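[1] Got a predicted structure here, sequence first:
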Amino acid sequence: MVSKVIISIDGTSSTGKSTIARRIAKKLNFTYIDSGSMYRAVTYFCLKNGIIFNNKIEKKKLSENLEKILIDFKLNPINSQNEISLNNNFIDSKLRSLEIAEHVSKIAKQKNVRNFILKIQHHYSKKNNIVMDGRDIGTVVFPNAKYKFFLTASSKTRAKRRYHEMKKNGLNISFSDVLENIITRDKDDSTRTNSPLKIPDDALTINTEKLSLDELEKIILDHIKNN
């Protein structure tokens, strides 16, 4: 079997990982996998099924329910986009709320959840050339990925991006709450015991602070072309 090409795009939240990863995948005709949406989908499931209660995770209940979670990526016939589905229901539009953002880091810390998601990620890599974005793709999930990128930007810039995205989607939220969530998630992601956020040694680090999507896309595609 010819080994598949993997492009990993890691970074802190709201640096443009998902948007640019989707664009790169489309440009190269690769399969795009949003690893962050997998953890958000599990968080959504937990919130809907009482596994997160009073801001605490019922760990025993989480373990008992993991095998009931079916996560897949497939074409949504309504918008012709490759989207995540949870138990055969498209839920992409429901995963960007502040409630999920406030709990997803706690879910992502759980070793059994990370192992569960890791199996799904490896399953997709066996069948497709993929572009996958997340926080530990180039360090833990696919340490041997052919191309690795790590995106950065200041917390304030990232909060502005997330705030405008949430307002555009009709969510009533304050900028200060979004900024606080960004800072908290950065700390949780970088200090967690299981698969902490860190820059892969062999990744190209890109500060997206002042880059347009077109400029960022060119930097990534040029790097792939020349390496």
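    Nice, thanks for sending it over.
[2] hang on, Asp10 in a strand?
    Yes - under DSSP: H, G, I helix; E, B strand; the rest coil, Asp10 sits within a strand.
[3] for this protein, which spans come out with low pLDDT?
    Scanning the chain for pLDDT under 70 picks out 1-3.
[4] tell me, what residue is most central in it?
    Gly36 (2.1 Å; CA atoms, centre = their mean).
[5] That one: which element?
    Element membership for Gly36 (DSSP states H and E) is helix 35-48.
[6] partner strands of the very next helix or strand once past that helix, parallel or antiparallel?
    Next along the chain after helix 35-48, taking DSSP H and E as the criterion, comes strand 52-53. When sheet partners are counted by DSSP bridges, strand 52-53 sits next to strand 56-57 (antiparallel).
[7] Contacts for the partner strand next, please.
    Residues from elsewhere that reach strand 56-57 (CB atoms under 8 Å, 6 or more residues apart in numbering): 46, 51, 106-107, 110. Any C-beta I mention is one placed from the backbone N, CA and C, and that applies to glycine too.
[8] circling back to that earlier point, who are the contact partners of the residue nearest to the centre of the chain?
    Shown in contact with Gly36 (CB under 8 Å, 6+ apart): 13, 17-18, 104, 133-135.
[9] which ones among those are found in strands?
    Using DSSP state E, the subset of these located in strands is 133-134.
[10] Tell me if I am right that His123 is in a helix.
    Yes - applying three-state DSSP, one finds His123 inside a helix.
[11] Where does the nearest residue in space to Ile24 that is not next to it in sequence sit: helix, strand or coil?
    Distances taken as CB to CB, 6 or more residues apart in numbering put Val131 closest to Ile24, at 5.2 Å, once the chain neighbours are dropped. Val131 carries the three-state label strand when classified by three-state DSSP.
[12] I'd like the distance between Val131 and Lys109.
    To Lys109, Val131 is 25 Å away according to CB to CB, to the nearest Å.
[13] These two: who's more crowded?
    Neighbour totals were compared for Val131 and Lys109, and Val131 leads with 29 against 19 (other CB atoms under 10 Å).
[14] On the strand side of things, show who the more buried one bridges to.
    The residues that Val131 bridges to, once DSSP bridges is applied, are Ile7, Tyr32.
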